[in-house]
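Student: no sequence for this one, just the structure:
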């Protein structure tokens, strides 16, 4: 098992938007994370719904490299952005304190 110093924390901000108002879904929708916590908090509050949340994942350096490489293969890319594998999504944890701060 990887030690704490071998892990990279990535964040994801999501908002709760009614299905009828959601934009088109991209193939990698729901898999985008960032190394920048402020970006994740912004995404959690951008719809001004007060129901967004901030989640995080701890990735091994190998998982992080793979996620970063996958992001680089896409045309649109933001700084600090990574795209994780679908199996890792089950491991994300809601960060209650940062979710409250974003709301």
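Tutor: Happy to help now that I have it. This is a predicted model, so every value here is computed, not measured.
Student: CA only for contacts and neighbour counts going forward, please
Tutor: Will do.
Student: in the biggest helix by length in the chain, what's buried?
Tutor: If you go by DSSP state H, the chain has its longest helix at helix 61-72. Of the residues in helix 61-72, 63, 64, 66, 67, 68, 71 count as buried by neighbour count, 16 or more other Cα atoms under 10 Å.
Student: starting at the chain centroid, how far to it?
Tutor: Distance of helix 61-72 from its chain centroid, counting by Cα atoms, centre = their mean, to the nearest Å, is 13 Å.
Student: and for stretch 67-79?
Tutor: Put simply, stretch 67-79 sits 13 Å off its chain's centre (Cα atoms, centre = their mean).
Student: same question for stretch 70-90.
Tutor: 9 Å.
Student: so where is the chain shaky, pLDDT-wise?
Tutor: Applying pLDDT under 70 to the chain flags residues 1-4, 17-26, 47, 49, 75-77, 103.
Student: ok, 80 please
Tutor: Scanning the chain with the threshold set as pLDDT under 80 gives 1-5, 16-30, 46-51, 73-79, 99-103.
Student: what bridges to residue 34?
Tutor: Bridge pairing for residue 34 (DSSP bridges) gives the partners residue 11, residue 81.
Student: that one is in contact with residue 80, isn't it?
Tutor: Yes. If you go by Cα atoms under 8 Å, residue 34 and residue 80 touch, sitting 5.1 Å apart.
Student: and the nearest residue to residue 68 once chain neighbours are set aside, how many neighbours does it have?
Tutor: For residue 68, the nearest residue in space outside its immediate sequence neighbours is residue 82; the separation is 4.7 Å by Cα to Cα, 6 or more residues apart in numbering. Per other Cα atoms under 10 Å, the neighbour tally for residue 82 reads 24.
Student: now residue 82: how far from residue 101?
Tutor: 23 Å (Cα to Cα, to the nearest Å).
Student: and the residue nearest to residue 68, what does it touch?
Tutor: By Cα atoms under 8 Å, 6 or more residues apart in numbering, the contact set of residue 82 is 32, 33, 34, 35, 64, 67, 68, 69, 70, 71.
Student: which of the residues you listed lies closest to residue 54?
Tutor: residue 33 (10.3 Å; Cα to Cα).
Student: next up, the contacts around that closest one.
Tutor: Going by Cα under 8 Å, 6+ apart, residue 33 touches 10, 11, 12, 13, 40, 81, 82, 83, 84.
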